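Participant: Structure for this input, please:
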Amino acid sequence: MLSKTLHPSLLPWLTRLNHLLEEQRRKGIDATPAMVRDSLAGMTETLVTDIPDIAEVRDLVVDADGHAITVRAYDPAPGQRKPVCLFFHGGGHMAGSIQVYDPICRKLAEASGHLLLSVEYRRAPEHPYPAGLEDCLAVTRGLYPLLSREGYPVQRWLTLAGDSGGGALAATISALLQDDTEHRPQRQVLIYPSLDYTLEQPSLTENSHGYLLETPRIEWYLDHYFQHGEDRRAHSPLYMPMGAGMPETLVITAGLCPLRDEGLRYRDRLDQVGVPHQHVHFPDMIHAYLNLEDLVPEACEETYRCIGEFLGRMPRT
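Facilitator: Take a look at the predicted model:
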C-alpha cells in the first residue's frame, strides 16, 4: 500500500506503473540497460512538456586524452558575463543523457541565469566505474580553458549540480577537488542524490518498493557500475573526507525516495564540519519528480525557484 503522504497527483500514475511492473515480474521479464534507458527517456519526454526557449544552446567537445566528451551549453543571456553551472544528469550511472535532460537543463539555466553545461559522460555497464567520473572530472578541470576558447565571458564562480547518480558525481568531485584552489567548485546543488553506495540507510527499506525507484533496482545499477570489487564505502561521497574547502551546498530531498536518508546524512556531515548549506525537503514527493513535472508542476516550480534563489545570491567573501 502506498503511503498516505504521497502527493495525490502521483497516485494514479504510480498505481498504473506498479501494476505494469508486477506483470513484468510475473512474466519473468528482466530489466536490461536498454530498457531502463528507454524508460527514463520516454517518461521525461512524456511528462516534461513545458520547455523554455534559451537564447543560445550548442554542443561543445572536450578532448580528454583523445577521448571526446560532449558538453551541451545553455546560455540564457549571450554576451553577458555570468557564473557557470556544470550539470551531471541522473540515471543510476546507466541511463539518462544530455538529450533526455535537455528540458530540465533549460529550466535550470532559466532559473539560475547561469551558463549551464550538461555533460555526456560515459555510462555503465559498457563503461563501468570510474569512466563516467573521470569524464566529469576532466570537464571540470578543463572548463575555463574550454569556455575561453569558445568565447564565453564568464565569472570564475562554479557550481556543480546533479540529480540522483549525477548528484553522486557532483559530490564526489567536490570532495576530490576541495583542496584544489584552481578547480574546486564554490557551490553544489544535489537533487535527491545518491551518496552512499553501501546502501545502509533506513529509507532504502522504508521506501523500498512502489515509488518508481526501488531498492532492488538500485542494487542492480550499482552491480553494473562497480564491476571490479571496488570498496563501495570508500567511493561513497557520504564517507569521503570533508573540510573547509567543500562548497556551499543545497541538498534537495524527497520524502518517499529510497535515497532520502543519504541526503539527510550528508547534510548532517556538512553541518558537523561547518560547511554552509541549505536543505529543502518535499515530504510528498518521490525520486525523479523533476522528470514527472506535468504530474506535480507546483513542486517542480518550487524546486527550480529554490535552486535559482540559492545560486542567485551574491557570493560570500
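
Participant: which is the next helix or strand following the helix or strand where residue 168 lies?
Facilitator: Assigning secondary structure by DSSP states H and E places residue 168 in helix 165-176. For helix 165-176, the following helix or strand on the C-terminal side (DSSP H and E) is strand 187-191.

Participant: who touches stretch 147-157?
Facilitator: 60, 73, 75, 79-84, 115, 144, 186, 315 (C-beta atoms under 8 Å, 6 or more residues apart in numbering). Bear in mind the C-beta positions are built from the backbone N, C-alpha and C, glycine included.

Participant: so what does the helix holding residue 168 touch, helix or strand wise?
Facilitator: For helix 165-176, the elements it packs on are strand 82-88, helix 131-141, strand 154-163, strand 187-191, judged by 3 or more C-beta pairs under 8 Å, 6 or more residues apart in numbering; DSSP states H and E.

Participant: so of the ones you listed, which one's packed in deepest?
Facilitator: Most buried of these, by mean neighbour count (mean count of other C-beta atoms under 10 Å): strand 187-191, with a mean of 26.

Participant: Can you give the contact residues for the next helix or strand along the chain from it?
Facilitator: Downstream of strand 187-191, the next assigned helix or strand under DSSP H and E is helix 203-206. Helix 203-206 is contacted by residues 215, 218, 257, 258, 259, 260, 261, 262 when judged by C-beta under 8 Å, 6+ apart.

Participant: can you tell me which of those residues lies nearest to residue 300?
Facilitator: Checking the contacts of helix 203-206 against residue 300 with C-beta to C-beta, the nearest one is residue 257 at 14.8 Å.

Participant: Can you report how many residues lie near the residue nearest to that closest one when sequence neighbours are not counted?
Facilitator: Setting aside the residues directly before and after it, residue 257 is nearest to residue 287 in space (C-beta to C-beta, 6 or more residues apart in numbering), at 4.0 Å. When counting by other C-beta atoms under 10 Å, one arrives at 26 neighbours for residue 287.

Participant: re earlier: take the helices and strands packed on helix 165-176 and write them to CSV, including mean pLDDT.
Facilitator: Output for those, formatted as CSV (pLDDT from 0 to 100):
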stretch, mean pLDDT
strand 82-88, 98
helix 131-141, 98
strand 154-163, 97
strand 187-191, 98
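
Participant: a markdown table for these, including distance to residue 38?
Facilitator: Output for these, formatted as a markdown table (distance: least, C-beta to C-beta, whole Å):
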| stretch | distance to residue 38 |
| --- | --- |
| strand 82-88 | 21 |
| helix 131-141 | 19 |
| strand 154-163 | 19 |
| strand 187-191 | 22 |
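
Participant: so where's the stretch 1-150 of the chain shaky on pLDDT?
Facilitator: Counting by pLDDT under 70, the stretch 1-150 of the chain shows no low-confidence range.

Participant: The chain: strands as residue ranges?
Facilitator: Assignment of strands within the chain using DSSP state E yields the ranges 56-64, 67-75, 82-88, 115-119, 154-163, 187-191, 248-254, 277-282.

Participant: how about TSV for these, with distance to residue 94 added?
Facilitator: Shown next, in TSV, are the strands of the chain (distance: least, C-beta to C-beta, whole Å):
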stretch	distance to residue 94
strand 56-64	21
strand 67-75	18
strand 82-88	14
strand 115-119	15
strand 154-163	14
strand 187-191	18
strand 248-254	20
strand 277-282	25
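
Participant: What's the local residue count around the residue lying closest to residue 56 once chain neighbours are set aside?
Facilitator: Of all residues not flanking residue 56 in the chain, residue 75 sits nearest, at 4.3 Å (C-beta to C-beta, 6+ apart). Counted with other C-beta under 10 Å, the neighbours of residue 75 add up to 20.
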